[in-house]
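Engineer: Okay, here's the prediction I keep looking at, along with the sequence it came from:
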2 protein chains.
Amino acid sequence: MEDDTRQRLLDAAEALFAEHGFAETSLRAITTQARANLAAVHYHFGSKDELLHAVFARRLKMLNEERLARLTALETGGGPVTVETVLTAFIEPSLRLRRAGVQGERFTRLLGRAQIDASEALRDFLRDQYAPVLERFQQTLGRTLPQLQPGELRWRLYFALGVLSFTYAGARLPQMPFAARLVGDEEWLLRQLIQFLAVGLCAPPLEEGAEKTA
Amino acid sequence: MEDDTRQRLLDAAEALFAEHGFAETSLRAITTQARANLAAVHYHFGSKDELLHAVFARRLKMLNEERLARLTALETGGGPVTVETVLTAFIEPSLRLRRAGVQGERFTRLLGRAQIDASEALRDFLRDQYAPVLERFQQTLGRTLPQLQPGELRWRLYFALGVLSFTYAGARLPQMPFAARLVGDEEWLLRQLIQFLAVGLCAPPLEEGAEKTA
DNA sequence: ACCTGTTTCAAACGTTTGTTTGAATTATCT
DNA sequence: AGATAATTCAAACAAACGTTTGAAACAGGT
């Protein structure tokens, strides 16, 4: 059976959704790029929404499992549990995806976008996928940074994920050299990124009256 | 002349574009919310694209001018030129917009979104609006942080804008308490944000062989 | 009151959209 | 080879979209 029509559809959808967004990408653009018939989308996936869902499902589960595995390895004696190593455990799996090829790069771009422009339905799906991961990382970071109040830590984690999403989404800013697509440059960029996030997370708490924690 | 039809259209478009995105918002949804006729959009603006353009034009020019004015005031003796004060000069004007009312909040949300999901045409427009501002702030920060290479500073600035965009866009993350909509909470959040960005920008340079500057 | 220019309105236009259909084609198995 | 299921295909569907039209309603000035 020619089931790689399915893969070609997923690849094309991944690329076009990442580049132009969900609503502005037509099924005809996807099926053309995938060299497939228009009706193939509904045959293999049922609807455009379920196609998007499948694009995420294809990679997200494994990605988050690898994040948790690295964190567990770290905590069960695999190395020092510092803010940097915990951050690396979270980021490295996604960076591996990017290094694995242009499709992985597109997926991370789509993932970054989705944090901001996802519809409510997709947000629910992403929340289910991310919640346990973020929960675990937040707990571990809370032990590494006991001086921070829970609300403080949570917002810093929020900021950190913002940087990551923004960078993966590849938001173009003026004067930004996007020669940083070479892998060598990405390694350098990763260190810059991790340092930026680490010092932000490690900053001393802003002392004043206890804030609402939640 | 009933020219506040124009304003109502801009308000409705601002709100709906910010909440659902450009492509997923129909002119009919906008004109319904604005209690205006469908054709009013083309009468007042010419097209949907030009409506979006007008939504940005209405506030963005003044916003960036205020940013530059605050930076100039700082540099011409208005206070100490530190990373924190420069950051505040950039952020405060947008925060004032948010404090001014729900429409300002919506605009900043739209602005945050646009950094990631803007079409190429809109990106050109935003680039023209942002380029001189970012240029000036980058220069000033370069003088405040002379130990950083230009490429390093630029990327840190990029990360900082990412956090800001992400936060303004109001990306929902699991476990995030969005009771932080009260103004009091926003003030606290602003201090958290500025500290996070400041320590990230001020971090010591990663010393190693000179990287490509560009 | 009349004219003139501006603004609103309901209705329609032609495209494009996601989706469905039913026949044709291809693969799989006995 | 023939029967059965899986997949592809061209064509059409209704709905929604941005846009256009031309007449109605309104405004201000003389």
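Structural biologist: Nice, thanks for sending it over. Bear in mind that the values here come from a model prediction, so they are computed numbers and not experimental data.

Engineer: So is stretch A:89-96 next to chain B?
Structural biologist: No - remark: stretch A:89-96 sits outside contact range of chain B, by CB under 8 Å from any CB of the partner chain, the gap being at least 13.1 Å. Using the backbone N, CA and C atoms, a C-beta is placed for each residue, glycine as well.

Engineer: pLDDT (mean, whole number) over that stretch?
Structural biologist: Mean per-residue pLDDT for stretch A:89-96: 95.

Engineer: which residues touch that stretch?
Structural biologist: A:63, A:66-67, A:70-71, A:73-74, A:104, A:108, A:111, A:133, A:137, A:164, A:168, A:186, A:190, A:193-194 (CB atoms under 8 Å, 6 or more residues apart in numbering or on different chains).

Engineer: and what of stretch A:13-24?
Structural biologist: Contact partners of stretch A:13-24, identified using CB under 8 Å, 6+ apart, comprise A:25, A:29-30, A:33-34, A:51-52, A:55, A:103, A:106-107, A:109-110, A:113, A:117, A:119, B:21, B:23-24, B:117, B:119.

Engineer: now the contacts of stretch A:89-96: which count as buried?
Structural biologist: Neighbour counting with 16 or more other CB atoms under 10 Å in any protein chain shown marks A:63, A:66-67, A:70-71, A:74, A:104, A:108, A:111, A:133, A:137, A:164, A:168, A:186, A:190, A:193-194 as buried within these.

Engineer: In helices, which of those residues appear?
Structural biologist: Cross-referencing those with the helices (criterion: DSSP state H) gives A:63, A:66-67, A:70-71, A:104, A:108, A:111, A:133, A:137, A:164, A:168, A:186, A:190, A:193-194 as the overlap.

Engineer: Lowest-confidence entry in the residues you listed?
Structural biologist: Within the set of these, pLDDT is lowest for A:Glu186 (79).

Engineer: what about the helices in chain A?
Structural biologist: Here chain A has its helices, by DSSP H, at A:4-20, A:27-33, A:40-44, A:48-73, A:83-99, A:102-117, A:120-144, A:150-169, A:183-202.

Engineer: Would you mind listing where chain A has pLDDT under the threshold?
Structural biologist: When the per-residue scores of chain A are filtered using pLDDT under 70, the ranges that remain are A:1-3, A:172-184, A:207-214.

Engineer: redo that, cut-off 90
Structural biologist: A:1-4, A:77-79, A:120-121, A:123-124, A:127-128, A:150-151, A:170-190, A:206-214 (pLDDT under 90).

Engineer: Give me the most central residue, it.
Structural biologist: The centre of chain A sits closest to A:Leu111, judged by CA atoms, centre = their mean, with a distance of 4.8 Å.

Engineer: Would you mind measuring from the closest residue to that one other than its chain neighbours to B:Gln192?
Structural biologist: In space, not counting the residues next to it along the chain, A:Leu111 is nearest to A:Tyr168; the distance is 6.2 Å by CB to CB, 6 or more residues apart in numbering or on different chains. For A:Tyr168, the distance to B:Gln192 equals 23 Å [CB to CB, to the nearest Å].

Engineer: how far away is A:Ala171 from B:Asp4?
Structural biologist: A:Ala171 is 35 Å from B:Asp4, by CB to CB.

Engineer: Which of these two has more residues huddled nearby?
Structural biologist: Higher neighbour count among A:Ala171 and B:Asp4: A:Ala171, with 24 against 11, using other CB atoms under 10 Å in any protein chain shown.

Engineer: how near is the more buried one to A:Arg109?
Structural biologist: Distance from A:Ala171 to A:Arg109, counting by CB to CB: 10 Å.

Engineer: Which residues of chain A lie near DNA strand C?
Structural biologist: On the criterion CB under 7 Å from any atom of the strand, DNA strand C has as its neighbours in chain A the residues A:1-2, A:25-29, A:38-39, A:41-42, A:47-49.

Engineer: repeat that for 10 Å
Structural biologist: Proximity of chain A to DNA strand C is assessed by CB under 10 Å from any atom of the strand, with A:1-3, A:22-31, A:37-43, A:45-52 identified as the residues in range.
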